[in-house]
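> Sequence and predicted structure, then a few things I'm wondering about:
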Amino acid sequence: MIPELVLDMYEDGERNALADAMDVMAHAFDPAYGEAWTLPQLSGVMMMPGTWLTIARVDAAALGFALVRSVLDECELLLLAVHPAWRGKGIGRELLIDSLKTARRRGIKSMNLEVRSSNTAVKLYEKTGFEYVHRRPGYYRGADGQLHDALSFRIEMLG
């Protein structure tokens, strides 16, 4: 954990927050996999009820973010990203734990996520208590046309 890390949460399409998330995404997502979202996609999801964006900052610089959407008593972690220069310092874990705490405070009973099977974040999700649900063969198509499996995970909120 970085001592001066600040987590700011947004529940609307606040332009600066979206710009910060897009900047992190541009660096964090390898173009070979085609997983990065466009600004219209991100702003469109942010306009949906029950959606929140948490930005991890140090000295106002955005280092990572988590995007979560909830419906009734379930939610989905749509995106989790950390700038490559800041990986391995606990920022992704802090964003994930904060997202789970926020979900619990909102009365959400479970969180789902989907991730490319070769993504190193799989280890983080498993260590945090997410359980493997199923595999979707060939779900993601990389820029080179290669198909990659998606793994679905779920965690039940207790108490």
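That came through, no problem. Numbering: from 1, shown residues only.
> how about the closest residue in space to residue 73 that isn't next to it in sequence, what does it touch?
Excluding its sequence neighbours, the residue lying closest to residue 73 (Cβ to Cβ, 6 or more residues apart in numbering) is residue 109, at 4.5 Å. From N, CA and C alone the C-beta is placed, and that goes for glycine too. Counting by Cβ atoms under 8 Å, 6 or more residues apart in numbering, residue 109 makes contact with 73-74, 156-157.
> What subset of the residues you listed is buried?
Buried residues within the contacts of residue 109, defined by neighbour count using 16 or more other Cβ atoms under 10 Å: 74, 157.
> export the contacts of residue 109 to JSON lines and tack on secondary structure, pLDDT and distance to residue 58?
As requested, these are arranged in JSON lines below (DSSP: H, G, I helix; E, B strand; the rest coil; pLDDT from 0 to 100; distance: Cβ to Cβ, whole Å):
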{"residue": "73", "secondary structure": "coil", "pLDDT": "95", "distance to residue 58": "34"}
{"residue": "74", "secondary structure": "strand", "pLDDT": "97", "distance to residue 58": "32"}
{"residue": "156", "secondary structure": "strand", "pLDDT": "97", "distance to residue 58": "32"}
{"residue": "157", "secondary structure": "coil", "pLDDT": "88", "distance to residue 58": "29"}
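> tell me which of the contacts of residue 109 is nearest to residue 28?
Proximity of those to residue 28 (Cβ to Cβ) peaks at residue 74, which lies at 25.7 Å.
> From residue 93, how far off is the closest one?
22 Å (Cβ to Cβ, to the nearest Å).
> On the three-state scheme, residue 119 is what?
With DSSP: H, G, I helix; E, B strand; the rest coil as the basis, the three-state label of residue 119 is coil.
> So what does it look like in phi/psi?
Note on residue 119: backbone dihedrals following degrees, to the nearest 10 are phi -70, psi 130.
> before we move on, what about residue 100?
Here is the backbone geometry of residue 100 (degrees, to the nearest 10): phi -70, psi -40.
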